[in-house]
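Peer 1: could you work out the structure for the sequence below:
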Amino acid sequence: MKLKNLQFIYDSDSYSRLEDFVINSVRDKYERTQFFNKGYEDNLIIRFHKWKYFGNQASHVWLWLKSLNSAIEIWFKGNNRTEIICINPIIGIFLGMINKLNRNRRRIIVCGFLFEPKSNQVYYKLRKLFVNFSFGHVDKIVVYSSSEILYYSEEFPYLKNKFTFILFGKDFLQYNTREMLKKNPLKGYIGSGGASNRDYDFLFRLINSFPSLKFKIATRPYIIGNKYIPINVEIDYAVTPTHFGRFIQESKFFILPLSNSKVSSGHMVLLECMANGIPVLVSNVPGIKDYLEDEIVIKLDTENITNTEYVVNKMNLDVENSEFRYKLEFQCKNVYQDKYTTKKFVERILLHL
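Peer 2: This is a model prediction of the structure:
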């Protein structure tokens, strides 16, 4: 009996170091494995993200066009014996569309599906139609939060048996700037950042209670828009995903303010904080609960501003204690290495083949 072939599509360089591991893990099932490194960011998208107006729309259009081109390229490099793991959901949705239109359909697992509510109802409904059409012949749709299973099953009843939860993991660049901060602690700031499902209105209300502390936020212009920015906050629109780790490492600790949503959000930033041993305070919302490790991640009750102020003030004092800081850093890195590296994530995915 002839073995099948596998196409493994990933979205960051950290997977390239695991290609031999994947080949050896699936050797008994697949005769040949092809790898495709298809990331999201390029110079044009980075430029679009800096635009205050229409930057989000422009980056989306370019990313979708680029992803369609990649899906067509990958499809024609396979054959009827090919199965696909796609850790790039935008390319994955186009592969699903091609699979739907093809007579000889292939087995496809798409990882990282995310479907957020939109204010424009016409656009929202069109996207739902496209998802139902494209994923109709995808075997599994992997999500990164257990709360998404029920949510998406209700949004897409036609696809409800396809949704699967897998705990995410990713390797991050790790920096060593702690010695610099020890010599000059005034350079340290309380960090925050990210774009998807962030509640910066809550964060700004919280910051107003700490006028003497320095805060720095790395995000995109359209996320902040015309919000009132407290005087002790610096907004950095120039930080790219590649350099986000250094931004995290240079912070005394990190606050991750999330909207109350069942949709997965914030897990990437949370894991990058853990990988770098940085204390992190996170909104206790359904979309990230799977990653809120006891003792090393501080949960914030965003409904109780007084309690949140107490937690922030306590953390600001605690991080000045070197014994506390190094103990927490050690715990964060240990848990991260044990559960959340790219290799651990890939191992979990391969169990579903």
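Peer 1: C-alpha only now, for contacts and for neighbours.
Peer 2: Noted.
Peer 1: assumed residue 332 was part of a helix.
Peer 2: Yes: counting by DSSP: H, G, I helix; E, B strand; the rest coil, residue 332 is part of a helix.
Peer 1: wait, it sits on residue 272?
Peer 2: No: counting by C-alpha atoms under 8 Å, residue 272 is not a contact partner of residue 332; they are 10.2 Å apart.
Peer 1: all helices of the protein, in order?
Peer 2: Using DSSP state H, the helices of the chain run over 19-25, 43-49, 55-75, 89-101, 121-134, 147-155, 178-183, 200-207, 221-224, 244-249, 267-275, 305-318, 322-339, 342-350.
Peer 1: list the buried residues for the first one?
Peer 2: Counting neighbours by 16 or more other C-alpha atoms under 10 Å, one finds that the buried residues in helix 19-25 are 22-23.
Peer 1: got the contact list for that helix?
Peer 2: Contacts of helix 19-25 with the rest of the structure, by C-alpha atoms under 8 Å, 6 or more residues apart in numbering, involve 33, 35.
Peer 1: so where's this structure uncertain?
Peer 2: In the predicted model of the chain, residues 1-2, 42, 45-46, 48-49, 52, 174-187 satisfy pLDDT under 70.
Peer 1: care to break this structure down by domain?
Peer 2: Under the assignment automatic domain parsing, the domains of the chain span 4-166, 178-339.
Peer 1: out of the ones you listed, which gets nearest to residue 346?
Peer 2: Using C-alpha to C-alpha as the measure, domain 4-166 is the one of the domains of the chain that comes nearest residue 346, at 8.0 Å.
Peer 1: any idea how far apart the tips of that closest one sit?
Peer 2: Domain 4-166 has an end-to-end distance of 24 Å (C-alpha to C-alpha, to the nearest Å).
Peer 1: now it: how far from the chain's centre is it?
Peer 2: With C-alpha atoms, centre = their mean, to the nearest Å as the basis, the distance from the averaged C-alpha position of domain 4-166 to the chain average is 14 Å.
Peer 1: do stretch 228-238 as well
Peer 2: Relative to the mean C-alpha coordinate of its chain, stretch 228-238 is positioned 23 Å out (C-alpha atoms, centre = their mean).
Peer 1: show me what counts as buried in it.
Peer 2: When burial is assessed from 16+ other C-alpha under 10 Å, stretch 228-238 yields the following buried residues: 229, 233, 235, 237-238.
Peer 1: what about those residues, which are in strands?
Peer 2: When DSSP state E is applied, the buried residues of stretch 228-238 are split such that 233, 235 fall in strands.
Peer 1: circling back: closest one to residue 351 among the domains of the chain?
Peer 2: The closest approach between residue 351 and any of the domains of the chain, judged by C-alpha to C-alpha, belongs to domain 4-166 at 10.0 Å.
Peer 1: does residue 318 touch residue 325 like I think?
Peer 2: Yes: the pair residue 318 / residue 325 is scored as a contact, 7.4 Å apart, by C-alpha under 8 Å.
Peer 1: neighbour-wise, which of those two wins?
Peer 2: residue 325 (18 against 13; other C-alpha atoms under 10 Å).
Peer 1: check contacts around the more buried one.
Peer 2: By C-alpha under 8 Å, 6+ apart, residue 325 lies in contact with 318-319.
Peer 1: and for residue 207?
Peer 2: Contacts here follow C-alpha under 8 Å, 6+ apart; on that basis residue 207 touches 215, 230.
Peer 1: against residue 69, how distant is it?
Peer 2: 44 Å.
Peer 1: let me know how buried the nearest residue to residue 68 once chain neighbours are set aside is, in neighbour terms.
Peer 2: Setting aside the residues directly before and after it, residue 68 is nearest to residue 94 in space (C-alpha to C-alpha, 6 or more residues apart in numbering), at 5.9 Å. Residue 94: 23 surrounding residues under other C-alpha under 10 Å.
Peer 1: and residue 94, what is it in contact with?
Peer 2: Taking C-alpha under 8 Å, 6+ apart as the definition of contact, the neighbours of residue 94 are 67-68, 71, 134.
Peer 1: quick one: residues contacting the spatially most central residue of the chain.
Peer 2: The centre of the chain sits closest to residue 268, judged by C-alpha atoms, centre = their mean, with a distance of 3.8 Å. The neighbourhood of residue 268, defined by C-alpha under 8 Å, 6+ apart, consists of residue 170.
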